[in-house]
Each structure stands twice: as C-alpha cells, then as structure tokens.
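>>> Got a predicted model here, sequence first, then my questions.
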Amino acid sequence: MDAALDEQTRRLLPLLPAFVAVAEVEQVTLAAAMLRAPQPTVSRAVARVGEVLGVPVVERHGRGIRLTDAGRALLPHARQALAALGAGVDAVRSSEALARGTLSVAFQTSLGESVVPALIKEFLTGHPAVRFTMTQGARRTCLDALAAGEADIALVSRLVPAPPGLDTLTLFQEPLVLMVPAGHELARRPSASLRDAARSTFITLKHGYGLRGTVDALCAAAGVRPTVGFEGEDLHTVRGLVAAGLGVSVLPPARHAVHEGVELRLDEPVTTRDIGAAWSPQNTSPTLAAFVAMLRAGTSVAGVGAVGARAVGAPDGGAPSR
C-alpha cells in the first residue's frame, strides 16, 4: 500500500459511519437521526467522501438520494471496515472486563484439597488480575448456588447426564477405593467387592453430597443394602472414623497418608465417579468464558485425576459413575 493510498484511507475512515447510514436509508434527515448528529454534519461528511475519492458517491433522486456506481462499489467495503473496527472495540472491552473480572466458584468440599487449587493456579497464570470468590459444600448446595446466581460455575461430581438448563463438561474420572480399618478381615486383600464388605458398618457422607449419591448407586447395583453407622460432612472425618475401626467406606484414594487404614481396589463394574464443571449458558461473563475455555483446552487437573487412577490400579476405560 503506497503513501497516497494510506493518506486517502486515513481521511475516509471518520466519514464512513455517515456514508453507510445515508446509503442504507437513502435519506440524509433519517440518517442524521440514526447517528444523533446534525443534518448538515452528515451531508458534509457524505460530500467529503466524494471529494476524497475524486468521484461523487451519492446523487439526488426525487426527494431523496441514491448511490452512484462509485458509492455502490464502496459500500460493502465500508460496512466491512466498520464491522472490523466494532469487533476490535468489543475485543478491547472484553479484555478489560476479563482483566478486572471476578469469578465465583462453588465446589464440592472433597475437591478443595487439590482439584480447585490446581484450576485456579493455572487460570491465574494467564489472567493474574482476576479475583476469585469461593464457596464449598455439598453437591446440591453448589448446584443451588449456581441456580440462584450466587456462583458463576460449580465444580461437582455426577454431571452425567447434565442437570436441566446447565452446560457441563467432564474434567476427569476420579477412582474410588474401599477403605477398611487396618485390623479388618479384608485388610490383607488387594481388592474386595461391596458384597465382601456387606456385613460391615458403612461410613458415608450425608445425603446431598455427590459422593453419597455415587456410593448409594454402587451399592444398589451390587445388590447391597449397607448398614450406615456414621454420616460425615467431609472426607477427612470419614477417613478418621474408618481408621478408628468404626466401619468401612467407599472414597477417593487419600493423597496423603494422614490416617491409619487400608485402601483396597474395588471389584465392581464401575470404580470411578465423574468430576466436572457446570454453568448457566445465560451467563455471558467474559471471565467465565475464559475459564471454561481453559477447561475445554485440557488442564493440569486432568493429570490430578489420572495420577489417582494409576495409584489405585483403576482399570482403563471404566464407565463413569452416576
């Protein structure tokens, strides 16, 4: 592009909104109203387009005006230029909104030890100015917060099938193990089924927690009606009760050996639960969109799940828990 053309284009750019408006309605008065500009200003802008190009772009036609051949040739390119500029403005606004954004995350308590920190750390690497607010609790509590608009995204289990009205994404399959006290009759075995443990007292999370629903479904599929002796609100408490010899439990494998107990591989058709994200498709927050894009691209959190699966010898390709 030579210098003369550069100068011509530079002079044309501020005149294009008036030219396009007049071309679309073929009337200066209406175009001026659309642009919220004085009519003489719009008339001068359109005339100036012709002067810059060296050829008229409009001509009188009855009480209105119409485009000349030169005007018709220019119009699609003028529209394209304005659309490109508008897209650039939107990109800047989105970038600014993202940089100053806040993301509210609701997550199941069991995901707070490693999954949620891994996600936040990765996101902040690319978006260091974003702020996070977090709430944790039972699966139902997280989904209720999402429905009430109190959270932008929920990180929970059992999102297959997706709850009505939500977009979801499965992040990874988390393995499950049977934890028994060190002195339990099954403790020396490498694996056991739920039927093998059916005579034992079970320790579970309370109803409403994602893991409780998964365990109930696994027991039902195995034809086991467990005797539940204790119901907790977090995995640390459940593991502590098992280690104390008060019962057995189905849990994700412990990442740190903080309790005495034995984790056995589960001999069941399903030995994992799906961990995923859910959000409302009506939420147009650019910060949420960027976070979801990171999840879709694949993140280190998938590695967290994969490592756990290898650690307990979970079979490849296991079906997700429901």
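That came in fine, so what should we check first? Residues are numbered from 1 along each chain as shown.
>>> And stretch 208-225, what's buried?
Neighbour-count burial for stretch 208-225, counted by 16 or more other CB atoms under 10 Å, picks out Tyr209, Gly210, Leu211, Arg212, Gly213, Thr214, Val215, Leu218, Cys219, Ala222, Val224. To be clear about C-beta, it is placed using only N, CA and C from the backbone, and glycine gets the same treatment.
>>> Could you report the neighbour count for the residue lying closest to Gln27 once chain neighbours are set aside?
Nearest non-adjacent residue to Gln27, counting by CB to CB, 6 or more residues apart in numbering: Gly64, 5.0 Å away. Per other CB atoms under 10 Å, the neighbour tally for Gly64 reads 14.
>>> And Gly64, what's its pLDDT?
On pLDDT, Gly64 comes in at 74.
>>> Please apply the same query to the one 10 residues further on.
Confidence at Leu74, expressed as pLDDT, is 87.
>>> separation between Arg192 and Cys219?
If you look again at residue 192, you'll see it is Ala, not Arg. For Ala192, the distance to Cys219 (CB to CB, to the nearest Å) stands at 14 Å.
>>> And the helices in the stretch 51-200 of the chain, which stretches?
69-99, 115-126, 139-147 (DSSP state H, counting those that start in this stretch).
>>> Just send those back as CSV, with mean neighbour count too.
Formatted as CSV, those follow (neighbours: other CB atoms under 10 Å):
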stretch, mean neighbour count
helix 69-99, 13
helix 115-126, 16
helix 139-147, 20
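>>> could I get those helices as TSV with distance to Pro253?
Below are the helices of the stretch 51-200 of the chain laid out as TSV (distance: least, CB to CB, whole Å):
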stretch	distance to Pro253
helix 69-99	36
helix 115-126	14
helix 139-147	20
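>>> Would you mind telling me which of the ones you listed is nearest Glu26?
Smallest distance to Glu26 across the helices of the stretch 51-200 of the chain (CB to CB): 10.6 Å, for helix 69-99.
>>> give me the beta-bridge partners of Phe250?
Slight slip there: residue 250 is Val, not Phe. Under DSSP bridges, the beta-bridge partners of Val250 are Leu178.
>>> pretty sure it contacts Val180?
No - the pair Val250 and Val180 does not pass the contact test of CB atoms under 8 Å, sitting 10.6 Å apart.
>>> For the protein, which segments count as strands?
Here the chain has its strands, by DSSP state E, at 58-61, 64-67, 102-108, 131-137, 153-157, 167-175, 177-180, 191-192, 201-205, 227-232, 249-251, 262-266, 272-279.
>>> Go through stretch 176-189 and flag the buried ones.
Buried residues in stretch 176-189, counted by 16+ other CB under 10 Å: Leu176, Val177, Leu178, Met179, Val180, Pro181, His184, Leu186.
>>> same check, this time on stretch 14-23
Neighbour-count burial for stretch 14-23 [16+ other CB under 10 Å]: Leu15, Leu16, Pro17, Ala18, Phe19, Val20, Ala21, Val22, Ala23.
>>> now the residues you listed as JSON lines including pLDDT and distance to Ser110?
Listed next are those as JSON lines, based on pLDDT from 0 to 100; distance: CB to CB, whole Å:
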{"residue": "Leu15", "pLDDT": "85", "distance to Ser110": "61"}
{"residue": "Leu16", "pLDDT": "84", "distance to Ser110": "57"}
{"residue": "Pro17", "pLDDT": "87", "distance to Ser110": "55"}
{"residue": "Ala18", "pLDDT": "84", "distance to Ser110": "61"}
{"residue": "Phe19", "pLDDT": "84", "distance to Ser110": "61"}
{"residue": "Val20", "pLDDT": "85", "distance to Ser110": "57"}
{"residue": "Ala21", "pLDDT": "86", "distance to Ser110": "58"}
{"residue": "Val22", "pLDDT": "83", "distance to Ser110": "63"}
{"residue": "Ala23", "pLDDT": "82", "distance to Ser110": "61"}
